[in-house]
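J.: here is the input, now give the coordinates:
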Amino acid sequence: MGKAKNAQGTGGAAATVEQLVRPTVEGMGLRLWDVRFEKEGPDWFLRVLIDRDTPLDTDTCEAVSRAIDPILDEADPIQQSYYLEVGSPGLGRRLTRPEHYEALKGQKCLAHLIRPDDKGRREVSGLLLGLENGSIMLDTPEGTTAVPLDAASYVKLCDDEDLF
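T.: Next up, the predicted model:
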């Protein structure tokens, strides 16, 4: 759902947008998974990622887009032109917040490391046990493995082919 927008001010744009749209998204019986303000080529995209227990469809994404569009127009939180996209975080969703680690406990996850660890691995995967003392706790074939949050460039939910 890509409508071009104009707006003001970029400091903490994603956080500001999250505060503006969360009540509407949650009022529609959905979870606000993430808000990202990303540049791709010459264009900026404001991506509002929503989730729920049952699969999402394009009609739901369209309804959320229509509901939050006037809120963003009125508040005008972003300086440059951008395209608004509302969608699902998808099967390979990235875990970016503490509540993601809590909600996805027991799921198969993969941590992509910034640098190889002491075993030479760039990726560590296993069942997510949660966050503990600043580390992602994974149940791996080698046993419980702690991956420091600051050592991972990203952590994502993975399907069976990604695991082990």
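J.: CA atoms for contacts and neighbours, from now on please.
T.: Will do.
J.: and the helices in this protein?
T.: With DSSP state H applied, the chain shows helices at 13-27, 58-75, 98-103, listed in chain order.
J.: make JSON lines out of these and add mean pLDDT.
T.: Below are the helices of the chain laid out as JSON lines (pLDDT from 0 to 100):
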{"stretch": "helix 13-27", "mean pLDDT": "95"}
{"stretch": "helix 58-75", "mean pLDDT": "95"}
{"stretch": "helix 98-103", "mean pLDDT": "90"}
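J.: what about those, which gets the closest to residue 127?
T.: Closest to residue 127 of these is helix 98-103 (Cα to Cα; 11.1 Å).
J.: can you list the low-confidence ranges for the protein?
T.: Low-confidence segments of the chain, defined by pLDDT under 70: 1-11, 159-164.
J.: need the helices of the chain in TSV (columns: distance to residue 121 and mean neighbour count).
T.: Formatted as TSV, the helices of the chain follow (distance: least, Cα to Cα, whole Å; neighbours: other Cα atoms under 10 Å):
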stretch	distance to residue 121	mean neighbour count
helix 13-27	32	16
helix 58-75	38	15
helix 98-103	22	14
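J.: residue 131: which of those helices is closest?
T.: Closest to residue 131 of the helices of the chain is helix 98-103 (Cα to Cα; 6.4 Å).
J.: then the closest one to CSV, C-alphas only?
T.: The C-alpha trace of helix 98-103 is given here as CSV (Å, rounded to 0.1, in the frame of the first residue of the first chain):
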residue,chain,number,x,y,z
PRO,A,98,12.2,-7.3,24.3
GLU,A,99,8.5,-8.2,23.9
HIS,A,100,9.4,-10.1,20.6
TYR,A,101,11.7,-12.4,22.5
GLU,A,102,9.0,-13.0,25.1
ALA,A,103,6.2,-13.6,22.6
